[in-house]
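Visitor: Give me coordinates for this.
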Amino acid sequence: MLLVLAFLLPVLPAGAERLISGISNDTIQITSSFSGERLTFFGTIAPEAGSTERTVDGPFDVVIAIVGPTQDRVAREKTNNFGIWLNTEQVEFKRFPSYFHVLSSRRLIEIADINLLNANFILPEAHAMIPNAAGFMKTLIFGRELIRLMSQDGLFGVQENGVQFLSDTFYSAQLTLPSSAPPGPYIAQTYLFKNGEIVARKSEGFAVRKIDFERFLAQSATQYPLFYGLACVVLALFTGWLGGVLFRR
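Guide: Residues are numbered from 1 along each chain as shown. Next up, the predicted model:
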């Protein structure tokens, strides 16, 4: 056994790195007063397990991509036909991220080649390049427009220089989830770059959950849509009747 280890050790790449990372909160609870939540991502760069090296040599870059639950979305184009705005074309995107935000230690194009960034879905536009029956160009045009609209709602974004190195190997980053953040599982994928290449990566998960009355409403709308719809109609009628009685007085 010792002989086998003796042969294996020299094979390990010299100066190989690994990420040791964490998140400040792994569960975010949405209540009626929820106005957003600030998360802190932090970590350190250490030699790969089993390496004979005690330190790592940089410089390094860190990119953190936070991806929310995926959903099927449809991007539609409206055109003016004789004074009437109509939906004329559309592209459906399967399993499209409902939330996507990138934090980086500097400008992304200075960290790595754009093809490498797209191949790892680090750039938002990469999600508009997934093969689609609508064709590449149409998918790209509609996908970019969908990303633009979601960026206006704070659901997509890129924060370059959002990752700060507190030492040569220790980093920290902060992200504020908006109040419109969709509930569900989230993944924070951390990439470690060196000389324009990915040398290590690490994933952490966290969840956004509705609790109390908001959770009851969400479950009712999903599990009992007919009764939920009838209850909304009855509540609207009752509210209208009550308003009429009060204002009549």
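Visitor: Centroid-nearest residue for this protein?
Guide: For the chain, the residue sitting closest to the mean C-alpha position, by Cα atoms, centre = their mean, is V67 at 2.1 Å.
Visitor: Can you tell me how far it is from P182?
Guide: Counting by Cβ to Cβ, to the nearest Å, the gap from V67 to P182 is 11 Å. Placement of C-beta: from N, CA and C, glycine included.
Visitor: separation between the residue nearest to the centre of the chain and N115?
Guide: 20 Å.
Visitor: Please apply the same query to A49.
Guide: Here the criterion is Cβ to Cβ. By it, A49 lies 30 Å from N115.
Visitor: What of L149?
Guide: Using Cβ to Cβ, we find L149 at a distance of 26 Å from N115.
Visitor: between these two, which one's more packed in?
Guide: Looking at L149 and N115 with other Cβ atoms under 10 Å, you find the greater number of neighbours at L149, namely 12 against 8.
Visitor: neighbours around N25, how many?
Guide: The burial metric for N25, expressed as a neighbour count using other Cβ under 10 Å, is 13.
Visitor: Contacts only, for it.
Guide: E37, L39, F206 (Cβ atoms under 8 Å, 6 or more residues apart in numbering).
Visitor: give me that answer again for 7 Å
Guide: Contacts of N25 were listed using Cβ atoms under 7 Å, 6 or more residues apart in numbering, and they are L39, F206.
Visitor: you'd agree it is in a helix?
Guide: No. Read with DSSP: H, G, I helix; E, B strand; the rest coil, N25 is coil and lies in no helix.
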